[in-house]
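S.K.: what follows is a predicted structure for the sequence shown.
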Amino acid sequence: MRFRLAGRAAAAGLVAVLALTACGSDPETTSATAAGGSGGPEKSKISIGALPIPDSAALYIANKRGFFAEEGLTVDIQPVQGGAQAQQSLLGGSLDATQTNYVSTFLAVSAGNKMKIISDLYQATPNSFNLMVAKDSPIKTPADLKGKKVAVNSLKNIGTLAVTSVLKAHGLTAEDVQFLEFPFPDMAGQLEKGVVDAAWMTEPHLTAAATRIGAKKLADTMTGPTADFPIAGVIVTEKFVNDNPKTVAAFQRALGKAQQIAASDRKAVEEILPTYTKIDAATAAVITLGTFPTSLDETRLQRVADLMVEQGYLKSPIDAESILPGTDG
């Protein structure tokens, strides 16, 4: 079931957002609606954290093409290195919004933090998040990882969840390996030096590791229970949504246009990647990309929470709809 905002009085300023996105509304009409009858956003300047990876492409497309400006917003995109860091900045008030992975989001909510997902950004496709090993590694299947060290970009997040799913399919548990935390850019070096035996990578690091050190794919971690898995979105605090409904609506409209472009035009993504990542144009043309959802789908997001319960990340279930705008968390 797709999330619908209509009929929720607490989010009246957001009513038309997803409907406009889904219907491919006319940009001029959308902007006129935002700038005219709405009275403009409550907060015209906002800061948002984003990781320098493909997940956040639509944020940069929206900024470059003036979609945020058309909605009366000045958006400062601040590079962050991880979801945990970004969430702390969000809760501390130095960021108004941030890109983050959904596992970290549900963990934060389970800890009592009141957050809302206001936009979807990225969803996995085959071979977009792989376990990699060194070119001369004796490890041939995930079952060989028992007692080995596995690099992830952050502990207890989407990486460990996905790797654990693969381990389970091969008769192992998370306790059978040692997860070590390294930033994505450092993982190839750690593999090459033998500090870790395998690394969970996404693009452009998958392509770079294969090219630079001859790293080999051990397993696609987005299969079975994690096939087409929701990866990342934009979150804000519940207070921000309540205090700034017009700002959130304007942001969603602008980003919705950019998501539609990213979803339908790979060239647009290839062109934007070198402007905020270390991905050059040649690499951008060949890397494996995920997909860019154009609507918030609570059923899709519920998969994340349910798998987290199954793997013991959450002590009790969380209703995905409860952390979407227009609902009380």
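M.R.: Right, received. Where do you want to start?
S.K.: show me the shaky parts of this protein.
M.R.: Along the chain, segments meeting pLDDT under 70 span 1-38, 83, 327-329.
S.K.: can you give me the domain assignment for it?
M.R.: 9-125+228-323, 129-226 (automatic domain parsing).
S.K.: including mean neighbour count, could these go into TSV?
M.R.: All C-beta atoms are positioned from the backbone trio N, CA, C, and that covers glycine. As requested, those are exported to TSV (neighbours: other CB atoms under 10 Å):
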stretch	mean neighbour count
domain 9-125+228-323	19
domain 129-226	19
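S.K.: the strands in the chain, which residues?
M.R.: Ranges of strands in the chain, per DSSP state E, are 45-50, 74-79, 97-101, 115-123, 129-133, 149-152, 178-181, 198-202, 216-220, 230-237.
S.K.: now these as JSON lines including distance to Pro142?
M.R.: Output for the strands of the chain, formatted as JSON lines (distance: least, CB to CB, whole Å):
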{"stretch": "strand 45-50", "distance to Pro142": "31"}
{"stretch": "strand 74-79", "distance to Pro142": "32"}
{"stretch": "strand 97-101", "distance to Pro142": "21"}
{"stretch": "strand 115-123", "distance to Pro142": "23"}
{"stretch": "strand 129-133", "distance to Pro142": "7"}
{"stretch": "strand 149-152", "distance to Pro142": "10"}
{"stretch": "strand 178-181", "distance to Pro142": "14"}
{"stretch": "strand 198-202", "distance to Pro142": "8"}
{"stretch": "strand 216-220", "distance to Pro142": "5"}
{"stretch": "strand 230-237", "distance to Pro142": "20"}
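S.K.: for Asp265, which of those strands is the nearest?
M.R.: strand 115-123 (15.7 Å; CB to CB).
S.K.: how far out from the middle of the chain is the closest one?
M.R.: 7 Å (CA atoms, centre = their mean, to the nearest Å).
S.K.: same check on stretch 141-154?
M.R.: 23 Å.
S.K.: same check on stretch 226-234?
M.R.: Using CA atoms, centre = their mean, the offset of stretch 226-234 from its chain centre is 7 Å.
S.K.: what's the answer for stretch 114-133, then?
M.R.: Using CA atoms, centre = their mean, the offset of stretch 114-133 from its chain centre is 5 Å.
S.K.: quick one: terminal-to-terminal distance for it?
M.R.: This stretch, stretch 114-133, spans 39 Å end to end (CA to CA, to the nearest Å).
S.K.: what do you get for stretch 280-287?
M.R.: Stretch 280-287 end-to-end distance (CA to CA) = 11 Å.
S.K.: likewise for stretch 165-182?
M.R.: Using CA to CA, the span of stretch 165-182 from its first residue to its last is 20 Å.
S.K.: run through who's touching it.
M.R.: 131, 141-143, 145-155, 160, 163-164, 190, 195-196, 199, 219, 221, 223-226, 307, 311 (CB atoms under 8 Å, 6 or more residues apart in numbering).
S.K.: what sits against the residue nearest the centre of the chain?
M.R.: For the chain, the residue nearest the mean C-alpha position is Ala232 (1.6 Å; CA atoms, centre = their mean). Counting by CB under 8 Å, 6+ apart, Ala232 makes contact with 55-56, 99-102, 121-122, 158.
S.K.: using a markdown table, please lay out those together with distance to Ala69.
M.R.: Shown next, in a markdown table, are the contacts of Ala232 (distance: CB to CB, whole Å):
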| residue | distance to Ala69 |
| --- | --- |
| Asp55 | 23 |
| Ser56 | 18 |
| Gln99 | 20 |
| Thr100 | 25 |
| Asn101 | 28 |
| Tyr102 | 29 |
| Leu121 | 20 |
| Tyr122 | 24 |
| Ile158 | 32 |
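S.K.: and the longest helix along the chain with strand 97-101, angle?
M.R.: Counting residues, the longest helix found in the chain (DSSP state H) is helix 245-264. Put simply, helix 245-264 runs at 40 degrees to strand 97-101, going by axes from the mean of the first three to the mean of the last three CA atoms, to 10 degrees.
S.K.: who does helix 245-264 touch, helix- and strand-wise?
M.R.: helix 17-23, helix 27-35, helix 57-64, helix 67-70, strand 115-123, strand 230-237, helix 266-276 (3 or more CB pairs under 8 Å, 6 or more residues apart in numbering; DSSP states H and E).
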